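Undergrad: what's the 3D shape of this:
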Amino acid sequence: MQHLVLSRHPEPPPTLDLNKATSSDTTFPCNEWSINAPSGLDVPAPWDLGFGSPYDTQQAAELFALLEGINTSTHNDLLSASWLAHSSPTFIEVKGHSARIQLLAQQEFSADMVDIFIRRFRQLDAKYYTSLPQRRWRHFVESTYMAISAAGWLDRSKLHVRDQFCGPHFSYYVPLCKLLFFPLLVHERWVGFATLGTCTTMR
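TA: Modelled structure (predicted):
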């Protein structure tokens with residue numbers, strides 16, 4: 001991630017038109033989404049549908065105490081195991097040792113950890129939009145997109161770019177989302193950008 005950001009290409013990134021077909025669109029037909037897109041932008045916000053923070057202070061305190069109490073010299077098998085993993089649209093895995101020091105704020109979150117959080121937000125949102133299967137109020141874009149965009153290597157024909165906006169892993173139409181959120185690592189700190197999702201062209 002840091003290498004991509006620091007290796008900024010001098011040329012500006014090209015425009016990304018999500019509804020325009022390319023020669024590589026045979027397995028990722030983003031342009032087909034516009035054909036079956038639901039009309040209107042009257043999508044309720046998650047909290048209008050009952051979304052609330054599942055954060056529990058007591059459980060959080062217990063979790064941090066548990067993490068702090070792990071003896072790193074005697075629990076190597078536990079720490080070397082996979083603690084967090086997700087397979088769609090790409091496989092992400094965070095081992096115990098890495099997850100522990102990140103959750104204890106002993107190390108900045110890795111790109112994989114941030115993307116795990118983003119996918120979890122998507123899962124939580126999905127619970128509240130079961131009656132609106134093609135709709136979402138917001139869309140979370142994973143860290144890869146902003147990293148390659150900041151480096152000047154944005155290529156909409158690449159699968160790892162397009163799978164942030166369309167594909168079989170999405171049940172909703174991204175261009176109808178009212179807000180799009182983008183994480184980016186800047187000077188070893190994660191920051192978030194948000195943009196109104198009122199058009200299908202990303203610059």
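
Undergrad: Only C-alpha atoms from now on, for both contacts and neighbour counts.
TA: OK.

Undergrad: I'd guess residue 183 is in a strand, am I close?
TA: Yes - according to DSSP: H, G, I helix; E, B strand; the rest coil, residue 183 belongs to a strand.

Undergrad: Spatially nearest residue to residue 93, not counting backbone neighbours?
TA: Among residues not flanking residue 93 along the chain, residue 85 sits closest, at 4.3 Å (C-alpha to C-alpha, 6 or more residues apart in numbering).

Undergrad: what's downstream of whichever helix or strand the one you found is part of, the next helix or strand?
TA: Assigned by DSSP states H and E, residue 85 belongs to strand 82-86. Going down the chain from strand 82-86, the next helix or strand is strand 92-95, by DSSP H and E.

Undergrad: Relative to its centre, which residue of the protein is most distant?
TA: Most distant residue from the mean C-alpha position of the chain: residue 74, 34.2 Å away (C-alpha atoms, centre = their mean).

Undergrad: what about that residue, helix or strand, and which?
TA: Short version: residue 74 belongs to no helix or strand, going by DSSP H and E.

Undergrad: measure it to residue 100 for me?
TA: Using C-alpha to C-alpha, to the nearest Å, residue 74 is found at 15 Å from residue 100.

Undergrad: And for residue 113?
TA: Look at residue 113 and residue 100: by C-alpha to C-alpha, they are 11 Å apart.

Undergrad: repeat for residue 141
TA: 24 Å.

Undergrad: re earlier: show me whatever sits in contact with both of residue 113 and residue 100.
TA: Shared contacts of residue 113 and residue 100 (C-alpha atoms under 8 Å, 6 or more residues apart in numbering): none.

Undergrad: what's the spacing between the residue nearest the centre of the chain and residue 99?
TA: Closest to where the C-alpha atoms of the chain average out (C-alpha atoms, centre = their mean) is residue 142, at 3.0 Å. Counting by C-alpha to C-alpha, the gap between residue 142 and residue 99 amounts to 18 Å.

Undergrad: now swap in residue 194 and tell me
TA: 26 Å.

Undergrad: Between those two, tell me which one has more neighbours.
TA: Shown here are residue 194 and residue 99; by other C-alpha atoms under 10 Å, residue 99 has more neighbours (21 against 14).

Undergrad: In contact with that one, which residues?
TA: Contact analysis of residue 99 by C-alpha under 8 Å, 6+ apart lists 83, 84, 113.

Undergrad: Distance of the residue lying closest to residue 51 once chain neighbours are set aside relative to residue 47?
TA: Using C-alpha to C-alpha, 6+ apart and skipping the chain neighbours, the partner closest in space to residue 51 is residue 128 (6.9 Å). When distance is defined by C-alpha to C-alpha, residue 128 is 9 Å away from residue 47.

Undergrad: And those two? Which one has more around it.
TA: residue 128 (18 against 11).

Undergrad: What about that one? Give its phi and psi, please.
TA: Here is the backbone geometry of residue 128 (degrees, to the nearest 10): phi -100, psi 0.
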